[in-house]
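Visitor: pasted the sequence and its predicted model underneath.
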Amino acid sequence: MLFLGLIWKLLNLLRKIKRLKRAASVILVGLWSALGYAPCYADTDPAAVVTSFHTALTTAMKADSYKHRLSIVEPAVAEYFQIDTIARISLGGYWRSLNAEEQADLQVLLEDLVSSTYASRFKEDNGQVFSITATETITTDRQRVKSTLETSTETVTLDYQLQREEGRWYIYDIVANGVSDLSLKRANYSAIFKKGGLESVRQAILSNIADNAAEQVE
């Protein structure tokens, strides 16, 4: 079990290296297929990336346990989110003080946090409906995909910020009802780093991941 754990961590670290993204994508195709649906490799259409992520969330909501939901959400986050950008912006200027190993470790933790957050929040299928409403250009390599989530009690606006990297689009921020998740992360983690350094940030993220799992009532 220790050996398998080390292998899994190594794969997570390797996934961050740009030159291995193509190989990682091939592996993820198999994971998606095993789950009964396939991602849309939308090299030129950021709206299709968001739609594919919504499909993963909709599928996860039908799952019968947190563990099952997590197994669906994790490949989607790995495939569609630009975790290196999220990690860099979350720490602000402190990011440059980290060595390569520390940066990679933080990226793995943040990817786990994003996955556990969605697996905990989207835990019940009550007929929620996602809809894409518009796509806007931010810069040459950045797009905003505007969408809504209709529930039985409210309509939530979800604006996805995407960046193009090596010909593909990746999500780096989601603005829910006008509140930027990435801005919240930056305010929180940069403040924690200022007081207690990287280890304090790591412990805060690990605590959030544990809270996401503990909140589940299966």
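Guide: The structure has been received and is ready for your questions. In this text the structure is predicted, and so the values were computed from the model without any measurement.

Visitor: just how off-centre is the biggest helix by length in the chain within its chain?
Guide: When the chain is parsed with DSSP state H, its longest helix is helix 181-214. Here the centre of helix 181-214 is set off from its chain's centre by 15 Å, with C-alpha atoms, centre = their mean, to the nearest Å.

Visitor: and that helix, what does it pack against?
Guide: Applying 3 or more C-beta pairs under 8 Å, 6 or more residues apart in numbering; DSSP states H and E, one finds that helix 181-214 contacts helix 83-91, helix 100-121, strand 168-176. The way it works is simple: take the backbone N, C-alpha and C, and place the C-beta from them, glycine included.

Visitor: ok so residue 123 is a helix residue?
Guide: No. Per DSSP: H, G, I helix; E, B strand; the rest coil, residue 123 lies outside any helix segment and is coil.

Visitor: you'd agree it is up against residue 65?
Guide: No. Using C-beta atoms under 8 Å, residue 123 is not in contact with residue 65, being 9.3 Å away.

Visitor: quick revisit: of the helices and strands packed on helix 181-214, which is nearest residue 151?
Guide: helix 100-121 (11.7 Å; C-beta to C-beta).

Visitor: residue 192: how many residues sit nearby?
Guide: 20 (other C-beta atoms under 10 Å).

Visitor: kindly report the same for the one 4 residues further on.
Guide: By the measure other C-beta under 10 Å, the count of residues near residue 196 is 13.

Visitor: ok, residue 211 next?
Guide: With other C-beta under 10 Å as criterion, residue 211 counts 12.

Visitor: check the one 3 residues further on too.
Guide: The number of residues packed around residue 214, counting by other C-beta under 10 Å, is 10.

Visitor: distance of it relative to residue 176?
Guide: 23 Å (C-beta to C-beta, to the nearest Å).

Visitor: same question, residue 96
Guide: Relative to residue 176, residue 96 is positioned 29 Å away (C-beta to C-beta).

Visitor: looking at the two, which one has more neighbours?
Guide: Per other C-beta under 10 Å, whichever of residue 96 and residue 176 has more neighbours is residue 176, with 12 against 9.

Visitor: shouldn't the more buried one be in contact with residue 157?
Guide: Yes. At 7.1 Å, residue 176 and residue 157 qualify as touching, with contact defined as C-beta under 8 Å.
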